[in-house]
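Asks: based on what follows, work out the 3D shape:
(2 chains)
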Protein chains: 2
Amino acid sequence: MIDFGEHFSMSLEDMIEEAYLNAIASVDKGLDPKEIEAAWYGTVYPAMGNSGLVLSHATGLFGIPITRVENACATGSDTFRNACFSVAAGLYNVVLVVGAEKMHDEPGGLLQRADLKRLWMGRGVTMPAFFGLRATAYMHKYGITREQVALVSVKNHHNGSLYPHAHLRFECSVEDVVNAPYVSYPLGLYDCCPVTDGAAALILARADIATRYTDNPVYVLGSGLATDSFVRGGDLTNFRASQNAAKQAYETAGVKPEDIDVAEIHDCFSITELISYEDLGFAEPGQGVKLLDEGHVHLGGEKPINPSGGLLAKGHPLGATGAAQIAELYEQLRGEAGPVQVKNPEIALQHNVGIGRFATGSVGCVHILGR
Amino acid sequence: MIDFGEHFSMSLEDMIEEAYLNAIASVDKGLDPKEIEAAWYGTVYPAMGNSGLVLSHATGLFGIPITRVENACATGSDTFRNACFSVAAGLYNVVLVVGAEKMHDEPGGLLQRADLKRLWMGRGVTMPAFFGLRATAYMHKYGITREQVALVSVKNHHNGSLYPHAHLRFECSVEDVVNAPYVSYPLGLYDCCPVTDGAAALILARADIATRYTDNPVYVLGSGLATDSFVRGGDLTNFRASQNAAKQAYETAGVKPEDIDVAEIHDCFSITELISYEDLGFAEPGQGVKLLDEGHVHLGGEKPINPSGGLLAKGHPLGATGAAQIAELYEQLRGEAGPVQVKNPEIALQHNVGIGRFATGSVGCVHILGR
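Replies: Numbering: from 1, shown residues only, chains lettered A, B, ... in the order given. I've put the predicted structure just below:
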């Protein structure tokens, strides 16, 4: 991956190129780009006329099959998922996955270009407004305080301050979070992920030939994807799509929530992380805040969550986010995560929740990785 | 699939619902929708905020994994391709593929919304202009007449006049084609596919359980996808992406061009079909027109091409086109194609060529199906 941030000086192609070259350079025993047989490219924008070709132009990989996947905020994860299928089907030995998004430089801002605008934004229903509703519902239902929700931001900004690729690299206190200007009640500035440009690249090889490339491979153990919609009713205090995706991923991996040593989970807003602890089975409903109160999910805790700083500090370039989470967990499992390295993780979980036209939580995607 | 046409009275969801219900109803031994474990959804527009959720709302299939694939004019084919991988990987028994596109009703028209506009269209470089260049280059290089190019339109409009799902159901003569108003020299009105709304749905099951659903299954024998770009140079008289995709598909299927009994190939413009005969190995470079002159590719010929009327008569709703071609070949292989049925086909080929920001022919996709 590349450093996430405000890359006004870089094009989408520039970011992809850097992420790709970093991925190639990270292969311990070397990889000839000619060995890459196919690629999957995840991006939310632009819509048409690019397909996979942006990836070809940025990397010089012409002629090979390239599929573009889009799945809202879970785009990066679902791109990885489809690439996995092609390898698992025995069609390819080595494939490339790239997720990338240029959130700046779009006329009117990226979300202004989204079809969401037609339905929602003209009516004041912005992303923070949606998640603000979830936060008030959650706080009301479980008697959680504003300060407790802020603990997510404090933890993730602490981690982000240590993580070299993070967009926002500063610490903040509970007081800072609570006293920050409101974006949408009860969420303030530090409860919301920034607008960030970024790209991440992953190289996927058949398990039985992985040792050609490294003596320290990371394996994909499980995958899950699910959809949901407001019209199905439900509860603002959980994401059924995440729950369903997690169930699939745990089942395919044959592991349980308690087996997870480290996780990168979707924290577009502070409340999202709290809800996700519960959706992913790390805590019972309403009990997620205990993990924060007792330090379990902090760096050095028994189940560190978002050692990278998460979306809150690292940033959330939509198409890149899922791929970057997997890249970070790859480094964690190999013991290469430097200042945010957790202690000897064996099994890791990656999670995205996507926001579509029809729900906050219209899609959930979970992968489980292991050494 | 549904009848292709100008569906001002139908929403995208309406079209998907009808295509889905038709697909379910077509299962000989019946299919309980609950057996559908995952879905792939192909559409070029709208960009974000939909992901797979449009499909859920149109079909009632909530909770299952849905991936949206976009790959320019090859979107429908590549959507099918990724769904195939998931089944081949052993993850699912039964999956759904839907391609759909609402080409009308978009402000300024769909292509006006495309990113293509920024680069090209303000400079007069429209789709017909691109293919007009290819037509003049091809005619010049191989000494083909305007009347010979028109033979593609005459054949496909004849087929379309017989095919119930086609958008344009009338015959035209060489004189009609040659004397029609120019769209971009040398291409006239009948050399260009219409602006068409449409949707097509496919049900894919593991080969070893297919007979639970029908005694007359159609098998996916091969698949290929490739990319290309103007910056690589090349020749306006062929599409290297198609050639490369066809090579992959023939190799994975273990068949040769001469084994193909019937094909649905990309004829967005008349010249595209002529070039594609050669890219797909049905004729040597410059010899494609012989297939038309001698009637080989006509209904009743030895290798009927586009019995459905092709994109020229049936229409080209971008995300639906590839899926519809596969649906048509499914009917052909089962002997259910009614007035356009060809004689006892055993092996069929489906082909799309996609137009991205970087080339006419930025992507090629080929599938081979068999009984």
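Asks: and the residue of the stretch 151-300 of chain A nearest chain B?
Replies: A:Leu225 (3.5 Å; Cβ to the nearest Cβ). Yep, even glycine has a C-beta here, placed from its N, CA and C like the rest.
Asks: list the contacts of that residue.
Replies: A:Leu225 is in contact with A:71, A:74, A:77-78, A:81, A:245, A:248, A:363-366, B:38, B:65-67, counting by Cβ atoms under 8 Å, 6 or more residues apart in numbering or on different chains.
Asks: quick check: A:Met290 touching A:Ala283?
Replies: Actually, residue A:290 is Lys rather than Met. Yes: under the criterion of Cβ atoms under 8 Å, A:Lys290 makes contact with A:Ala283 at 6.5 Å.
Asks: the more surrounded of these two?
Replies: Ranked by neighbour count (other Cβ atoms under 10 Å in any protein chain shown), A:Lys290 and A:Ala283 place A:Ala283 first, with 20 against 14.
Asks: tally of neighbours for the nearest residue in space to that one that is not next to it in sequence?
Replies: In this structure, A:Ala283 finds its nearest non-sequential neighbour in A:Tyr277, 4.7 Å apart by Cβ to Cβ, 6 or more residues apart in numbering or on different chains. Each residue near A:Tyr277 was counted by other Cβ under 10 Å, and the total is 26.
Asks: just checking, what packs against the helix or strand that A:Tyr277 is a member of?
Replies: If you go by DSSP states H and E, A:Tyr277 is part of helix A:270-279. Applying 3 or more Cβ pairs under 8 Å, 6 or more residues apart in numbering or on different chains; DSSP states H and E, one finds that helix A:270-279 contacts helix A:127-142, helix A:146-162, helix A:240-253, helix A:288-293, helix A:310-314, strand A:347-356.
Asks: highest mean neighbour count out of the ones you listed?
Replies: helix A:310-314 (a mean of 32; mean count of other Cβ atoms under 10 Å in any protein chain shown).
Asks: average pLDDT for the very next helix or strand once past that one, rounded please.
Replies: Scanning forward in sequence from helix A:310-314 by DSSP H and E, the next helix or strand is helix A:318-334. Averaged across helix A:318-334, pLDDT comes to 97.
Asks: give me the angle between helix A:318-334 and strand A:347-356.
Replies: 170 degrees (axes from the mean of the first three to the mean of the last three Cα atoms, to 10 degrees).
Asks: centre of the chain to helix A:318-334, how far?
Replies: 7 Å (Cα atoms, centre = their mean, to the nearest Å).
Asks: so which elements touch it?
Replies: With 3+ Cβ pairs under 8 Å, 6+ apart as the test, helix A:318-334 has strand A:38-42, helix A:75-88, strand A:94-101, strand A:198-205, strand A:262-264, strand A:347-356, strand A:359-370 packed against it.
Asks: need the ones you listed in CSV with distance to chain B, can you?
Replies: Below are these laid out as CSV (distance: least, Cβ to the nearest Cβ, whole Å):
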stretch, distance to chain B
strand A:38-42, 8
helix A:75-88, 4
strand A:94-101, 11
strand A:198-205, 13
strand A:262-264, 20
strand A:347-356, 5
strand A:359-370, 5
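Asks: can you list these in JSON lines and add mean pLDDT and distance to B:Ala137?
Replies: What follows is the helices and strands packed on helix A:318-334, written out as JSON lines (pLDDT from 0 to 100; distance: least, Cβ to Cβ, whole Å):
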{"stretch": "strand A:38-42", "mean pLDDT": "97", "distance to B:Ala137": "30"}
{"stretch": "helix A:75-88", "mean pLDDT": "98", "distance to B:Ala137": "35"}
{"stretch": "strand A:94-101", "mean pLDDT": "97", "distance to B:Ala137": "33"}
{"stretch": "strand A:198-205", "mean pLDDT": "98", "distance to B:Ala137": "37"}
{"stretch": "strand A:262-264", "mean pLDDT": "98", "distance to B:Ala137": "51"}
{"stretch": "strand A:347-356", "mean pLDDT": "93", "distance to B:Ala137": "43"}
{"stretch": "strand A:359-370", "mean pLDDT": "91", "distance to B:Ala137": "45"}
